[in-house]
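>>> Need coordinates for the following:
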Amino acid sequence: MNILIIGGAGYIGSHVAREMLDHGHRVTIFDNFSSGLEQNVFPEETVVRGDILHPGDLGAALESGFDALVHLAAFKAAGESMVKPEKYSVNNITGTLNILNAAAEAGIRRIVFSSSAAVYGEPVYLPIDEKHPVNPANYYGFTKLEIERFLGWYEKLRGIRFAALRYFNAAGYDVQGRIAGLEKNPANLLPLVMEAAVGKRAEVHIFGSDYDTPDGTCIRDYIHVSDLAAGHLAALDYIAAQDTSVTVNLGSGAGLSVLEMVQAARKITGAAIPVRFVGRRAGDPARLTSSADLARNLFGWTPRHSDPDTLIRTSWNAYNKQKENI
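Residues are numbered from 1 along each chain as shown. Down below sits the predicted model:
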């Protein structure tokens, strides 16, 4: 297939692009490089510089014709979304509507969308499956849920088939070490831990120590980014073959607390990784773990790299290589 990856120079986007290339697909990336990196561009790719907030950029990019597009161009910091909702409204919602309108105009009928487990909010039961109620606890999650609803309408009105992939916590780096570019201004736990390990960050802030968990810190379901990338391709193949849409979780099914992640990173890196406990963040559930049975049953996807050791070792390899440039 000829695939356009919007946000393809970013952290997750570059891994998705590599997965598509590895399986013989033609890949064009569309990116404004505000967070994407030149280092994440592969020689086999075509690169289009553009912004999802500029409909003309999208229209021009889509004129060349694509079999499918992958949308990974959303802001994703849950905490920031609670204090800067306008930023998330404009980029995540308006930007996505621009993408959907351009795709409909260009006749694209397959979209893979980077959604989020944040659509679920505070868990009613665990593990969370796709039948779990959706009630976002932060504005970021609200934007993702609204986009899923837009996709449902564009399916009805424009015949666009979609896969909405509800990620849990993406982490790690390419298991073969082919992706060199590190995230700009990361907000997720493991990159912050790695920055402390290489000496860029004096300490890691842990938001809350009094949650109803064994060690008082939040428990999350960490999914390796290479497993996520494989999930995108499997989902695209599924909606293409079945001519249907699907909404599925992509998670490991296991839970790891913030302190457990820090302690494992200390062991693997040999670094002290100082931590400081600070107040809770608005919108942070105590526990989030997934059931990804539906993805396994529908298209045979299963995580292969999402154990704590691989998550941390691949991250450490990437950060250790780049520590002089961080």
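>>> Now name the helix or strand holding the closest residue to residue 61 other than its chain neighbours.
Distances taken as C-beta to C-beta, 6 or more residues apart in numbering place residue 48 nearest to residue 61, at 4.6 Å, with adjacent residues excluded. C-betas here are computed from N, CA, C, even on glycine. Residue 48 is part of strand 46-49, with elements assigned from DSSP states H and E.
>>> got the buried residues for that strand?
Residues of strand 46-49 classed as buried: 47, 48 (neighbour count, 16 or more other C-beta atoms under 10 Å).
>>> Just give me how far it sits from the chain centre.
Relative to the chain's own centre, strand 46-49 is displaced by 21 Å; criterion: C-alpha atoms, centre = their mean, to the nearest Å.
>>> Sheet partners, orientation included, of it?
Its sheet considered, strand 46-49 pairs with strand 26-31 (parallel) by DSSP bridges.
>>> neighbouring contacts of the partner strand?
1-10, 13, 17, 20-21, 36, 41-42, 44-50, 57-58, 61, 64, 66, 73 (C-beta atoms under 8 Å, 6 or more residues apart in numbering).
>>> any idea how far the residue nearest to residue 308 when sequence neighbours are not counted lies from residue 311?
Excluding the flanking residues, the one nearest residue 308 by C-beta to C-beta, 6+ apart is residue 264, at 5.0 Å. From residue 264 over to residue 311 the distance is 9 Å, taken as C-beta to C-beta, to the nearest Å.
>>> The stretch 151-300 of the chain: helices as residue ranges?
189-198, 225-242, 258-269, 293-299 (DSSP state H, counting those that start in this stretch).
>>> circling back: how many other residues sit next to the residue nearest to residue 308?
Using other C-beta atoms under 10 Å, residue 264 is surrounded by 17 other residues.
>>> confidence score at residue 324?
Looking at residue 324, its pLDDT is 64.
>>> can you check residue 264 too?
97.
>>> cool, and the one 3 residues further on?
At residue 267, the model reports a pLDDT of 97.
>>> Same question for the one 10 residues further on.
Predicted confidence (pLDDT) for residue 277: 97.
>>> Could you do the one 5 residues further on as well?
At residue 282 the predicted local confidence, pLDDT, stands at 72.
>>> What helix or strand is the closest residue to it other than its chain neighbours located in?
Spatial nearest neighbour of residue 282, excluding adjacent residues (C-beta to C-beta, 6+ apart): residue 82 at 4.8 Å. Following DSSP H and E, one finds residue 82 within helix 78-83.
>>> do the same with residue 5
Short version, using DSSP H and E: residue 5 is in strand 2-6.
>>> can you check residue 102 too?
helix 95-106.
>>> Which elements pack onto that helix?
Here helix 95-106 touches helix 55-62, strand 68-71, helix 139-158, going by 3 or more C-beta pairs under 8 Å, 6 or more residues apart in numbering; DSSP states H and E.
>>> among the ones you listed, which is the most enclosed?
The highest average neighbour count among the helices and strands packed on helix 95-106, using mean count of other C-beta atoms under 10 Å, belongs to strand 68-71 at a mean of 26.
>>> Please name the strands paired to that one in the sheet, noting orientation.
strand 2-6 (parallel), strand 110-116 (parallel).
>>> Let me have the ones you listed in JSON lines, extended by distance to residue 164, mean pLDDT and mean neighbour count.
Shown next, in JSON lines, are the strands paired with strand 68-71 (distance: least, C-beta to C-beta, whole Å; pLDDT from 0 to 100; neighbours: other C-beta atoms under 10 Å):
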{"stretch": "strand 2-6", "distance to residue 164": "15", "mean pLDDT": "98", "mean neighbour count": "24"}
{"stretch": "strand 110-116", "distance to residue 164": "4", "mean pLDDT": "98", "mean neighbour count": "25"}
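>>> So which of the ones you listed is nearest residue 126?
strand 110-116 (17.1 Å; C-beta to C-beta).
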